[in-house]
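Undergrad: with the sequence up front, the predicted model follows.
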Amino acid sequence: MTKPIIMTDASCDLPGSFIMENKIPFLGLICNFKGKDYEDSFGESLSYKEFYEGLRKGELPYTCQINEYRFTEKFKELLKEKRPIIYIGLSSGISGTFNSAKLAKEEVLSQFEDADITLIDSKSASMGLGILVYNAYYMAENGCTGDEIVSWIESNKLKMNHWFMVEDLKYLKRGGRIPPFKANVGSLLNVKPIMCIQEDGTLKSVVNLRGRKKAIKCIAEKFKEKSMYTENQIIGISHGDCLEDAMFLEKIIKEDFPNNKFIINILGFGMAAHCGCGTLSLFFLGNER
C-alpha cells in the first residue's frame with residue numbers, strides 16, 4: 001500500500017513548524033502588501049510582525065487566488081513521487097482557488113492518464129481547513145488508505161464549526177460583507193459581529209454584540225452548544241495578532257472541558273487581509289454546523 005500525499009493551501013493556518021517539519025506540500029494565495037506581491041507561506045515570504053504592523057498603520061492588502069498554472073506545476077512535481085495525491089482545499093464559497101485546482105487536474109490528466117489526484121472542497125477556511133488536514137496527515141502516517149482518508153473528510157467536513165469575531169468593521173465593509181453605514185455605526189457602538197461558515201462554505205453573520213469580552217465568551221459557548229464530543233478533540237484557535245485573547249478563549253473552554261488538544265496560531269495573510277487585526281476564531285467538530 002502506498003502512503004498518499006496530503007496537500008493543502010497555506011490558508012489552513014496551521015503552525016508553519018508543523019507544515020515544514022512534516023513536509024506537507026502547499027500553495028498559498030498571493031497577497032499584495034505595500035505594492036509588492038508575496039505568497040502566503042506561513043510567514044516565510046514576509047514576517048507576520050511586518051505584516052500586522054502594516055495593518056495597524058492602515059495598510060489594506062488584497063489577495064489573489066491560486067491560479068491554474070501553479071496547481072498544474074505543483075501536481076506534476078508531486079507525481080514524481082508516484083504516490084496518490086489528496087488535495088484538501090479552501091472553501092469554494094470563499095475563493096475561486098478550488099476551481100483552479102479542478103482545471104489543473106484536468107490538464108494534468110490530459111498528459112498523465114494514470115495520475116491519482118483527489119480534490120476535496122473542504123467548505124472550510126483557516127484552521128477549520130487546518131484541522132481536516134491535521135487529521136488526514138496522521139491518518140496517512142498511521143496506515144490509512146487514500147479511500148479511508150477521503151471518506152473520513154467527506155463525512156466530517158460539514159461538521160467542522162467555524163465561529164469568529166472581527167474587531168475592525170472596516171474589513172467587512174471593504175469586502176462588501178456589511179454596508180458602509182452599518183460599519184460606521186457599529187464601530188462607534190463597539191459592536192463585534194459573530195460570524196460562522198455555513199454548509200455551503202460561505203460566510204454568515206449570526207449576531208452582533210457590544211464589547212470584546214462578551215463576544216469572546218459567546219464564541220466559547222458555541223463549543224458547549226455544538227461540539228460533537230467534549231473530550232479528546234483537536235480544537236483550533238486562530239487570531240489576528242491577539243495571542244492574549246486567544247489564550248483567554250482557550251482558558252474559558254478548558255475550565256469546563258480540560259481534556260482536549262488545542263492548536264493556537266496566528267492568521268496567515270490570506271485570511272487576515274480580509275478580517276484584520278484582532279480577529280479571533282474557534283474551530284471544532286460538531287454534530288452539525
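TA: Looks like it came in fine. Values in this document were obtained by computation on a predicted structure and should not be read as measured data. Numbers count the residues shown, from 1 in each chain.
Undergrad: hey, let's count contacts and neighbours off CA atoms from now on
TA: OK.
Undergrad: now the strands for the stretch 151-289 of the chain?
TA: When assigned using DSSP state E, counting those that start in this stretch, the strands of the stretch 151-289 of the chain occupy the ranges 160-165, 191-197, 203-210, 234-239, 261-266, 280-285.
Undergrad: for the longest one, buried residues please.
TA: Of the residues in strand 203-210, those buried under the neighbour-count criterion (16 or more other C-alpha atoms under 10 Å) are 205, 209.
Undergrad: what's the answer for the fifth one, then?
TA: Across strand 261-266, burial judged by 16+ other C-alpha under 10 Å covers 262-266.
Undergrad: sheet-wise, list the partners of it with their directions.
TA: Based on DSSP bridges, the strands next to strand 261-266 in the sheet, each with its direction, are strand 234-239 (parallel).
Undergrad: give me the contact list for the partner strand.
TA: Residues outside strand 234-239 that contact it (C-alpha atoms under 8 Å, 6 or more residues apart in numbering) are 13, 126-128, 131, 246, 250, 260-267, 278-284.
Undergrad: ok, now with 6 Å
TA: Taking C-alpha atoms under 6 Å, 6 or more residues apart in numbering as the criterion, the residues outside strand 234-239 that touch it are 127, 261-267, 279-284.
Undergrad: and what of stretch 23-33?
TA: Counting contacts by C-alpha under 6 Å, 6+ apart, the residues outside stretch 23-33 that touch it are 7-10, 37-41, 61-66.
Undergrad: then whichever strand or helix holds Phe98 to CSV, C-alphas only?
TA: Element membership for Phe98, per DSSP states H and E: helix 97-111. Coordinates of the C-alpha atoms in helix 97-111 are reproduced here as CSV (Å, rounded to 0.1, in the frame of the first residue of the first chain):
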residue,chain,number,x,y,z
THR,A,97,-8.8,28.7,-5.8
PHE,A,98,-10.6,25.3,-5.7
ASN,A,99,-11.8,25.8,-9.3
SER,A,100,-8.2,26.5,-10.3
ALA,A,101,-7.3,23.1,-8.8
LYS,A,102,-10.0,21.4,-10.8
LEU,A,103,-8.8,22.9,-14.1
ALA,A,104,-5.2,22.0,-13.2
LYS,A,105,-6.2,18.3,-12.5
GLU,A,106,-7.9,18.1,-15.9
GLU,A,107,-4.8,19.5,-17.6
VAL,A,108,-2.5,17.1,-15.7
LEU,A,109,-4.7,14.1,-16.5
SER,A,110,-4.6,15.0,-20.2
GLN,A,111,-0.9,14.4,-20.0
